[in-house]
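Asker: based on what follows, work out the 3D shape:
(2 chains)
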Amino acid sequence: MITVKNLFHSYSNDERYAVNDISFQVEKGEIFGFLGPSGAGKSTTQNILVGLLQLQKGEVQVAGYDVKQIKNKMFNKIGMSFEQSNVYNKMSGLENLEFYGKLFDVETREPMDLIRMVGLDGKEKIKAGEYSKGMKHRLTFARSMINNPEMWFLDEPTTGLDPAIASNIKDIIKEENEKGVTVFLTTHNMYIADELCDRVAFIVDGKIRLIDSPKQLKLKYGEKLVEVEYYRDGELRKESYSTVVEEEKNKLIEVIRGNDIQTMHTKEATLEEIFIKVTGRGLV
Amino acid sequence: MKLWYSFIKEMKLSSKSWYFYIELGMAVVLLLILIFVVPENFDTKGEQYIYLDLPQVVVDRFKKDLLEEDLYGAPRFVEVEANNTIYPAELYETEETEIYLLNSMEALNAFSDSERVPTVHIRVNESNQIVQTYYLQGYETQKLKNLLLVFQNRKAGLDVIEEYSENIVVKSLYQDTEPLNDRENVIPVFLTFNGSLMSLFIIAAYIFLDKDEGIIKAYAVTASSVWHYLLSKIGVIIITSIVTTMIVTVPIMGLQPNYPAMLLFLVTSGFFAASLGLFLTSYYKDIAQAFGALYIVIVIMIMPNISYFTPSWDPDWVKIIPSYVMLQSFKEIISVNGNMSYVMLASLGFAVLGMDIFILANYRFKKTLTL
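Answerer: Numbering: from 1, shown residues only, chains lettered A, B, ... in the order given. Presented below is the predicted three-dimensional model:
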């Protein structure tokens, strides 16, 4: 669905590249996470993919279209949810969606369905300018689905949302993906990437350091241990057991069967820990 | 259809915007100024301040000559103020001039020193000759000074001057057209600035508002073209300028203007000005950054006004400033039997130039969507 080969981009038109020779592919139906700290080149790459930034050097194909010669009809297949909400403040939520629905050549979704989907029903006739930041963000997210996109670009889709609404947004992304929608997710939130992505790319200083599935990364970089806290003889004990050594696995089973377990955690690495380990950089 | 939807959306948004009502309000204010402040004809009579430092018999003869041309057949005794002091004076009023006879050298000096008007001291010298001393202010032209020297020093006789005057061929600037009165003459200025040039600034305001809200980016990732977005904005601007122009013109001019030509010219000149505004805004992120460029454009566009009200100052370089052409075109449009060839040519010029700038602006916007 997306093919990027040797992509470069410089804002100063010299050799100071914001994106420096990156290549990757996103398969149809995949949720691909593009992860990195602020200024890593995530948004630059995404802006090139959707035509907001002109392609300077490299080859990019999105949804079967060459981004070098971008055509309007390409956007019939693409949806884009921006990190910064950008809706018409003087129009209501419903009017915003109705208007954008008219700008596509394909069958579009019912605006009210989308309004309900993101939990803005009952507020659809209020001017978007009067919405809270989170509500505007949801409206921007809903707008990106208006044309039933095959390729869906999501830039920090849960930023600024409370946990319940963020969970709702994640569910929508999963549902759309199950219908076959390919998702390109740009985020610095490793938890949402871990939960949603089939594969992730780590980008730092304009270069991709690694591309793999979260599961593989955890297997590769995490410790295969389970840490257990339990009471024995009135005393709180804390022990670690290997999940690969047969003897320790049996001991763990005995501990679980014979004691009052307080806490139990696998010691697999988080994506954030892996990111730091691989890139030597934090995610802020 | 997408262009139409965008245009309708822009109309709705404009109707909810302050800029729209500011423009309409300004048009009403300009109309009120035209009706209540600008007279149909300005009083252009010159003023002369004279002190007759002469024997009474000569003074009487002088006044008798003045009365022959006086509109009222008798002098009016008035008080005039100079340098915060009130002085008595006799006022004689002819078709072209108001002549104030002052009664002291002190009054004459006060007018010359503080009111910046030319004054004349008429006296008799030792040889019993009448001497006229002009206290000029420095802004008088050399031609006027020469004329005074020739006339007062009898370098040429009156008969010579009269003969010369009679042989001067005067060509009327208005052939078949009737000259506009002073109030009507101000209308092209209002139309140029409120109708056409305001388009340049208002569209900049609309675009920067959208840039601030990130609207252009959202539009750019739809199956509609960026030029639809830009053209729909221009459409709204042109509609607004047509409405504001009608508010100013119809109550003052009635059916006299050539309205079809006016509509055509508003569309083309508005398209040109709005395209220029778009092109400028494509280089800047917000209105604060763009202010320098907009200010320079304002100053350049104002210059033809000087030429418009001072026909003797009409250098060729002013004529290539678009607002000069706009002023002249609006003047022709509202005049009886105005030169429509000029208006049509100007409309064509603005349409072609506007299209070129619009194409450039569209290219710039596509290139700078993330700005």
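
Asker: going forward, measure contacts and count neighbours with C-alpha atoms only.
Answerer: Noted.

Asker: is residue 38 in a helix, a strand, or coil?
Answerer: No chain was given, so I picked chain A. coil (DSSP: H, G, I helix; E, B strand; the rest coil).

Asker: think we crossed wires, I meant chain B
Answerer: Three-state assignment for B:V38 (three-state DSSP): coil.

Asker: repeat that for the one 4 residues further on.
Answerer: Local secondary structure at B:F42 is given as coil here, using three-state DSSP.

Asker: the residue nearest to it when sequence neighbours are not counted: how many residues sit nearby?
Answerer: Nearest non-adjacent residue to B:F42, counting by C-alpha to C-alpha, 6 or more residues apart in numbering or on different chains: B:D182, 6.3 Å away. With neighbours defined by other C-alpha atoms under 10 Å in any protein chain shown, the count for B:D182 comes to 14.

Asker: shaky segments in the stretch 101-250 of chain B?
Answerer: B:154-158, B:161, B:170-178, B:195-196 (pLDDT under 70).

Asker: just the stretch 251-371 of chain B next, same as before
Answerer: For the stretch 251-371 of chain B (pLDDT under 70), the answer is B:369-371.

Asker: separation between the residue nearest to B:F42 and B:F309?
Answerer: Counting by C-alpha to C-alpha, to the nearest Å, the gap from B:D182 to B:F309 is 10 Å.

Asker: also B:V297?
Answerer: Using C-alpha to C-alpha, B:V297 is found at 20 Å from B:F309.

Asker: which one's more surrounded, the two?
Answerer: Between B:V297 and B:F309, counted using other C-alpha under 10 Å, B:V297 has the larger neighbour count: 17 against 13.

Asker: so which bits of the one helix or strand that one maps to are buried?
Answerer: Take DSSP states H and E as the rule and B:V297 turns out to sit in helix B:287-309. Neighbour-count burial for helix B:287-309, counted by 16 or more other C-alpha atoms under 10 Å in any protein chain shown, picks out B:I287, B:A290, B:L294, B:V297, B:I298, B:M301, B:P304, B:N305, B:S307, B:Y308.

Asker: now stretch A:3-22
Answerer: In stretch A:3-22, counting by 16+ other C-alpha under 10 Å, buried: A:T3, A:V4, A:L7, A:F8, A:H9, A:Y17, A:A18, A:V19, A:N20, A:D21, A:I22.

Asker: on that earlier part again, by contact count, what packs against the next helix or strand after the helix holding B:V297?
Answerer: Counting by DSSP H and E, the next helix or strand C-terminal to helix B:287-309 is helix B:316-319. Using 3 or more C-alpha pairs under 8 Å, 6 or more residues apart in numbering or on different chains; DSSP states H and E as the contact test, the elements touching helix B:316-319 are helix B:287-309.

Asker: how far out from the middle of the chain is the helix it packs on?
Answerer: The chain centroid and the centroid of helix B:287-309 are separated by 14 Å under C-alpha atoms, centre = their mean, to the nearest Å.

Asker: one step back: just put the buried residues of stretch A:3-22 in CSV and tack on distance to A:G206.
Answerer: Listed next are the buried residues of stretch A:3-22 as CSV, based on distance: C-alpha to C-alpha, whole Å:
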residue, distance to A:G206
A:T3, 17
A:V4, 14
A:L7, 10
A:F8, 9
A:H9, 9
A:Y17, 7
A:A18, 5
A:V19, 4
A:N20, 5
A:D21, 8
A:I22, 8
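
Asker: and the two most separated of these?
Answerer: For the buried residues of stretch A:3-22, the farthest-apart pair by C-alpha to C-alpha is A:T3 and A:Y17; their separation is 19.8 Å.

Asker: show me the chain divided up by domain.
Answerer: Just so you know, I chose chain A. Under the assignment automatic domain parsing, the domains of chain A span A:2-213, A:223-267.

Asker: you answered for a different chain; I wanted chain B.
Answerer: For chain B, the structural domains run B:2-39+B:180-367, B:46-140, going by automatic domain parsing.

Asker: what's the most buried one of these?
Answerer: Mean neighbours per residue, mean count of other C-alpha atoms under 10 Å in any protein chain shown, is largest over the domains of chain B for domain B:2-39+B:180-367, with a mean of 19.

Asker: sticking with B:R183, tell me its helix or strand.
Answerer: Secondary structure from DSSP H and E places B:R183 in helix B:182-190.

Asker: contacts for that helix?
Answerer: B:30, B:34, B:38-42, B:248-249, B:252-253, B:305, B:326-328, B:330-331 (C-alpha atoms under 8 Å, 6 or more residues apart in numbering or on different chains).

Asker: for that helix, what is the distance to the chain centroid?
Answerer: That offset, for helix B:182-190, works out to 7 Å (C-alpha atoms, centre = their mean).

Asker: so what's the residue nearest to A:F141 when sequence neighbours are not counted bridging to?
Answerer: What sits nearest to A:F141 in space, not counting adjacent residues and going by C-alpha to C-alpha, 6+ apart, is A:S81, at 5.1 Å. A:S81 has these beta-bridge partners by DSSP bridges: A:L154.

Asker: please enumerate the helices of the stretch 1-150 of chain B.
Answerer: B:2-15, B:18-36, B:56-69, B:105-114, B:142-152 (DSSP state H, counting those that start in this stretch).

Asker: can you say which of the domains of chain A is nearest to B:S15?
Answerer: B:S15 sits nearest to domain A:2-213 of all those, at 10.0 Å, using C-alpha to C-alpha.

Asker: quote the end-to-end distance of that closest one.
Answerer: End-to-end distance for domain A:2-213: 17 Å, by C-alpha to C-alpha.

Asker: so for it, mean pLDDT?
Answerer: What domain A:2-213 shows for mean pLDDT is 91.

Asker: what comes into contact with stretch B:310-322?
Answerer: B:I300, B:M301, B:M303, B:P304, B:I306, B:S307, B:Y324, B:V325.

Asker: neighbouring strands for the helix or strand encompassing A:I22, and are they parallel or not?
Answerer: Of the helices and strands defined by DSSP H and E, A:I22 is found in strand A:19-26. Strand pairing for strand A:19-26, using DSSP bridges, gives strand A:2-9 (antiparallel).

Asker: what sits up against the partner strand?
Answerer: A:17-27, A:44, A:55-64.

Asker: 10 Å instead?
Answerer: Where contact means C-alpha atoms under 10 Å, 6 or more residues apart in numbering or on different chains, the residues beyond strand A:2-9 that reach it are A:15-28, A:41, A:44-45, A:48-49, A:53-66, A:151, A:182, A:184, A:206-207.

Asker: coming back round to it: which elements pack onto the helix holding B:V297?
Answerer: helix B:182-190, helix B:198-213, helix B:259-281, helix B:316-319, helix B:322-334 (3 or more C-alpha pairs under 10 Å, 6 or more residues apart in numbering or on different chains; DSSP states H and E).

Asker: pick out the residue of the stretch 151-284 of chain A closest to chain B.
Answerer: Chain B sits closest to A:F153 of the stretch 151-284 of chain A, with a gap of 10.6 Å, by C-alpha to the nearest C-alpha.

Asker: ok, that residue - contacts?
Answerer: A:F153 sits next to A:31-32, A:46-47, A:49-50, A:78-82, A:144, A:182-186 when contact means C-alpha under 10 Å, 6+ apart.

Asker: so which of the residues you listed belong to helices?
Answerer: Assigned to helices by DSSP state H, the following of the contacts of A:F153 qualify: A:Q46, A:N47, A:L49.

Asker: nearest to chain B among those?
Answerer: For those, the nearest to chain B is A:N47 (8.1 Å; C-alpha to the nearest C-alpha).

Asker: how many neighbours does the closest residue to the closest one other than its chain neighbours have?
Answerer: Spatial nearest neighbour of A:N47, excluding adjacent residues (C-alpha to C-alpha, 6+ apart): A:L53 at 5.3 Å. Other residues near A:L53 number 21, with proximity taken as other C-alpha under 10 Å.

Asker: SS state for A:L53?
Answerer: A:L53 ends up coil, using three-state DSSP.
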